[in-house]
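*Asks:* Starting from these lines, generate the structure:
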Amino acid sequence: MGDWSVIGGSAEIYNLAPVSIGANAVVSQRAYVCTATHDYTRGDFPLYSRPVTIEASAWVAAGAFIAPGIHVGEGAVVGAYSVVTKDMPEWTICAGNPCRPIKPRILQHGPTDF
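*Replies:* Okay, the predicted model is just below:
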């Protein structure tokens, strides 16, 4: 977890594989970052895991679900209650179920100018 990053209240990080959260990133309240699932195509229903990466300055908003193996690009915003099953590009606003890129994220100020 990078410097100045935050994990909000009631967020869950289900880390059976590594989870990387970059500097200045936010994982908001009730978000669910999931690194494991089951192979439903097999009769023995085995558990398998994949790492998740949330890059620097990204924001995973409240209640969003991040599936195993996902990469959220630097500066990306994942909208509230989105379901992320594919990688999301850097500096892009993304939202929905399934989550998809919507528009570029353009900063009015630098990432540390408040």
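
*Asks:* Report pLDDT for the residue of the chain most remote from its centre.
*Replies:* Ranked by distance from the centre of the chain (C-alpha atoms, centre = their mean), the top residue is residue 43, with 30.1 Å. Looking at residue 43, its pLDDT stands at 96.

*Asks:* Can you pull the phi/psi pair for it?
*Replies:* phi -60, psi -30 (degrees, to the nearest 10).

*Asks:* Could you give me the buried positions within stretch 77-92?
*Replies:* Using 16 or more other C-beta atoms under 10 Å as the test for burial, stretch 77-92 gives 77, 78, 79, 81, 82, 83, 84, 88, 90, 91, 92. Quick note: C-beta positions are derived from backbone N, CA and C, even for glycine.

*Asks:* Correct me if wrong: the fifth one contacts residue 64.
*Replies:* Yes: counting by C-beta atoms under 8 Å, residue 64 is a contact partner of residue 82 at 4.7 Å.

*Asks:* quick one: common contacting residues for these two?
*Replies:* Shared contacts of residue 82 and residue 64 (C-beta atoms under 8 Å, 6 or more residues apart in numbering): residue 99.

*Asks:* what's the helix or strand where residue 13 lies packed up against?
*Replies:* Using DSSP states H and E, residue 13 sits in strand 12-14. If you count contacts as 3 or more C-beta pairs under 8 Å, 6 or more residues apart in numbering; DSSP states H and E, strand 12-14 packs onto strand 32-34.

*Asks:* tell me how far the following helix or strand past the strand it packs on is from the chain's mean position?
*Replies:* Downstream of strand 32-34, the next assigned helix or strand under DSSP H and E is strand 36-38. With C-alpha atoms, centre = their mean, to the nearest Å as the basis, strand 36-38 stands 16 Å off its chain's centre.

*Asks:* Pull out the buried positions in whichever helix or strand comes after strand 36-38.
*Replies:* Using DSSP H and E, the helix or strand that directly follows strand 36-38 along the chain is strand 47-49. Using 16+ other C-beta under 10 Å as the test for burial, strand 47-49 gives residue 49.
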